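In: Sharing a model prediction with you, sequence too.
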Amino acid sequence: MKHTISVLLQNKPGVLSRVTGLFSGRGFNIESLSVAETLEPSVSCLTLVTRGPDHIIEQITKQLHKLIDVIKVVDISESDYVEREMVLIRVKAESHTRAEVLRVIDIFRGKVVDVSPKSYAVEITGPQSKIKAVIDILKPIGIQEIIRTGTIAMARAKKF
Amino acid sequence: MKVTGAQAIIKCLQEQNVEVIFGFPGGAVIDLYDELERSDITHVLVRHEQAAVHAADAYGRVKGDVGVALVTSGPGATNTVTGIASAYMDSIPLVVFTGQVPTALIGNDAFQEVDIVGITRPCTKHNYLVKDPNELVPIIREAFYIARTGRPGPVLIDLPKDVVNAKITFTEPKPIKMQTYRPTYEPHPGQIAKACKEILKAKKPVIYAGGGVIASNSNEELTELATKLNIPVTMTLMGLGGFPGTHKLSMGMLGMHGTYYANMAVSKCDLLIAIGARFDDRVTGRIDAFAPHAKIIHVDIDPTSISKNVKVDIPIVADCKYALTAMNRWFDVQEDFKEKEQEERIAPWFDEINDWKRKHPLGYVEEGDIIKPQFVVQKLHELTKGEAIISTEVGQNQMWAAQFYHFNKPRHFLTSGGLGVMGYGFPAAIGAQMAAPGRTVIDVAGDGSLQMNIQELATARQYKCPVKIAILNNNFLGMVRQWQELFYEKRYAATGLEVAPDFVALAQAYGAVGLRATKISEVEPVIKEALKTDNTVIMDFVIAREEGVFPMVPAGKATTEMLLV
Ligand SMILES: Cc1ncc(C[n+]2csc(CCOP(=O)(O)OP(=O)(O)O)c2C)c(N)n1
Ligand SMILES: [Mg+2]
């Protein structure tokens, strides 16, 4: 099962390597990881996506919590949440495909962020399923480069 | 008040009531040593930094407090890694100070620079590189707090030379409150009630006690619970002494070299009460065959220990002392709880256990005049009235000590349990002797392991530590040889110690006393002579070369599949 775990941690040198060291040392897998400062500059938020049976996920959250620099660990995939990832794709765009590429980008509400005679660089944001769909469609046309941010996610606010 | 970093470190150590530290100097810590020399703290100069950490570990275990080690940068720091990793596995509170190159040089591959914080990240409870001199004092206080609270463990502080020399303001201590680290001490009352009700239903209960009982000083609470409810107790290697080994409820150690009856009892019990233990593979054997009929209650202060290896039915995250006290009080106020009824309900279970005890007691086969190692440990027990502090090396010697020296009190058995470090025992004995100057301290040693830290004979002599080393000398890396005998058709690859020192002469070369016994009749006189000698003594017991440790659960087998004597 895929789990998206959100970790609040102290923004200090070495903290990230405590987290990644934990995963490599204990043989847990990381599918993606993304980290940046929160509103409070001394605190960072790290979102990581991992996969495993329930008892492993339980160990992952407990072990993360055990790190002295970790403030809070939430498995946000346990409740309702929104997830987003951004991807930058440089796709081949020669005279006969330029229009098609633009049409595809438009359908996925993407943006062209760089143009050259033979390619477009495009930016697309969305949940993983959408990113995957875009990649599947652009692949036959010719993807030259792709950079992904990894997933970030946020639990939905309580509605009532 | 303005002080130097070095002065601040000394003041912090005094604030923590540190009386003895173990270390080895070098350029990066020369300023700190200069200050240390002028303080009232005793510094024990070891002959290898690994020994400093093992000695600090044992010192802390015996005192029930945090052990402290101090070493220089680079090789000094890397030499501590084995000691730190051992303390980490065994949850021993330590603070290790390492020197570091000046902050301006960090990252430049400077002389004797090493990223010790990076290296020890996975084997410390926490570690620090002090970059800002103003952080020095708060970091040291936090380090001691982290080392001794919750599940204890080693903490490392890396000290750049310029930080040690900086002028800083020494602030007075405040109670430590950390946003990110708050161990749970108090058990959940609902979980306690659930556990106690389960205990009242059980017909075949077993208590399985680990090192957490010793770390939390809850041996008395454990004894109260076990005797009140008449529950047999088995201990892990780290738990020995947490419950009196000679008590009628004691089944001794369980696991790979546990007693036949402890392993049988665990595999047949209907309720397993794990207290401060972590279901290590040396305890469980094949995991799906471990306590297959039992409901499991697990008390541990570390939530990650719970349901890590074995699925637990009633988890209790708490300090063992708090949890055991809560359980004892629960039974106290239970109107319909009658100790007599409890005893009667469990009586048939004791019939079974006693039957196993009769069938396969701990024992060994005598062989004429040849010294059996088990006999040596039994004699040590007898002649020290079971009161000595025993450290061990690793291998057969360690298991014989665990099996045949029946520990009645906590903090009397010092061994590298989780990491299994050959070379732990002798420096540990020195640390123990520094913590308990008047006591008898014996390192039950293997001839192989002792050579891993033999240089500490000089330390023992310099600080007048009258520790006794009892070498169970089989001229083999015996434990590995035993595996080769049993599972590799006696192909003794690299386990014969073909060249061995004359340990008696070696002791004498250091100004210590060397004694040797080669036949049974010499064992007692040698021990008696050693015990009355006020000097470091090596007793070289030349034992049956191919003696094995039994019972033995082969790795990966169910604990009922024991090889017996
Ligand atoms: C540092 C280290 N290296 C290797 C081992 C693997 N090992 C475990 S027991 C053992 C043999 C120990 O020999 P000795 O000290 O003579 O003890 P004996 O088993 O003979 O009593 C070895 C090599 C270890 N535990 N620690
Ligand atoms: Mg040996």
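Out: Happy to help now that I have it. Ligands and ions are numbered 1, 2, ... in the order given.
In: Count the residues that sit near residue 73.
Out: Defaulting to chain A. Under the neighbour criterion other C-beta atoms under 10 Å in any protein chain shown, residue A:73 is assigned a count of 19. The C-beta positions use only the backbone N, C-alpha and C, and glycine is treated the same way.
In: Let me rephrase: I mean chain B.
Out: By other C-beta under 10 Å, the residues close to residue B:73 number 25.
In: before we move on, what about the one 4 residues further on?
Out: Neighbouring residues of residue B:77 were enumerated by other C-beta under 10 Å; the total is 29.
In: Could you do residue B:357 as well?
Out: 19.
In: same question, residue B:476
Out: Other residues close to residue B:476 by other C-beta under 10 Å number 23.
In: same thing with residue B:287?
Out: By other C-beta under 10 Å, 12 other residues sit near residue B:287.
In: Could you do residue A:79 as well?
Out: Residue A:79: 10 neighbours (other C-beta under 10 Å).
In: Residue 90: neighbour count?
Out: All of this is about chain A. Residue A:90: 20 surrounding residues under other C-beta under 10 Å.
In: wait, chain B
Out: 24.
In: Correct me if wrong: it contacts residue B:214.
Out: No. The pair residue B:90 / residue B:214 is not scored as a contact, 10.1 Å apart, by C-beta atoms under 8 Å.
In: which neighbours do these two share?
Out: residue B:238 (C-beta atoms under 8 Å, 6 or more residues apart in numbering or on different chains).
In: Spatially nearest residue to residue 97, not counting backbone neighbours?
Out: Using chain A here. residue A:141 (5.4 Å; C-beta to C-beta, 6 or more residues apart in numbering or on different chains).
In: To clarify, I was referring to chain B.
Out: residue B:70 (4.6 Å).
In: For that neighbour, which three-state class applies?
Out: Applying DSSP: H, G, I helix; E, B strand; the rest coil to residue B:70 yields a three-state assignment of strand.
In: what's around it, how many residues?
Out: There are 29 residues near residue B:70, going by other C-beta under 10 Å.
In: how close does the residue in chain A that ligand 2 sits nearest to get to chain B?
Out: Residue of chain A nearest ligand 2, by C-beta to the ion: residue A:25 (32.1 Å). Noted for residue A:25: a distance of 5 Å to chain B, by C-beta to the nearest C-beta, to the nearest Å.
In: For residue B:289, report the pLDDT, please.
Out: On pLDDT, residue B:289 comes in at 95.
In: got the phi/psi numbers for the nearest residue to it once chain neighbours are set aside?
Out: Excluding the flanking residues, the one nearest residue B:289 by C-beta to C-beta, 6+ apart is residue B:558, at 3.4 Å. Phi and psi for residue B:558, reported as degrees, to the nearest 10, are phi -70, psi 150.
In: so residue B:558 touches residue B:291, yeah?
Out: No. Residue B:558 is beyond contact range of residue B:291, at 10.7 Å (criterion: C-beta under 8 Å).
In: Identify the contacts common to the two.
Out: residue B:267.
In: So which of those two has more stuff around it?
Out: Just comparing residue B:558 and residue B:291: by other C-beta under 10 Å the higher neighbour count belongs to residue B:291, 22 against 18.
In: for the more buried one, what are its contacts?
Out: Residue B:291 makes contact with B:266, B:267, B:269, B:272, B:310 under the criterion C-beta under 8 Å, 6+ apart.
In: that's a strand at it, yeah?
Out: No. Under three-state DSSP, residue B:291 falls outside any strand and is assigned coil.
In: give the contact list for residue A:30.
Out: Applying C-beta under 8 Å, 6+ apart to residue A:30 gives the contacts A:20, A:23, A:48, A:49, A:50.
In: Write out the residues of chain A neighbouring chain B.
Out: Residues of chain A lying near chain B by C-beta under 8 Å from any C-beta of the partner chain: A:10, A:13-14, A:17-18, A:21-22, A:25, A:55, A:58-59, A:62-63, A:65-66, A:68-71.
In: Tell me where the longest strand sits in chain A.
Out: Using DSSP state E to define each element, chain A has its longest strand at strand A:81-92.
In: mean confidence for that strand?
Out: Averaged across strand A:81-92, pLDDT comes to 97.
In: again, but for stretch B:480-494
Out: 98.
In: cool, and stretch A:116-127?
Out: On average, stretch A:116-127 scores 96.
In: May I ask you to name the longest helix in chain A?
Out: Criterion DSSP state H: the longest helix present in chain A is helix A:54-66.
In: how about that one: buried residues?
Out: Under the neighbour-count criterion of 16 or more other C-beta atoms under 10 Å in any protein chain shown, helix A:54-66 has A:56, A:57, A:58, A:59, A:60, A:61, A:62, A:63, A:64, A:66 buried.
In: Tell me which other helices or strands whatever helix or strand comes next after that helix touches.
Out: With elements assigned by DSSP states H and E, the helix or strand that comes after helix A:54-66 is strand A:70-75. Here strand A:70-75 is seen to pack against strand A:2-10, helix A:54-66 when contacts are counted using 3 or more C-beta pairs under 8 Å, 6 or more residues apart in numbering or on different chains; DSSP states H and E.
In: Give me the distance between the first one and the centre of its chain.
Out: Here the centre of mass of C-alpha atoms in strand A:2-10, compared against the chain's by C-alpha atoms, centre = their mean, to the nearest Å, lies 12 Å away.
In: So what touches it?
Out: Outside of strand A:2-10, the residues within contact range by C-beta under 8 Å, 6+ apart are A:15, A:19, A:31, A:38, A:42-52, A:57, A:60-61, A:64, A:67, A:69-77, A:81, A:83, A:151, A:153-155, B:180.
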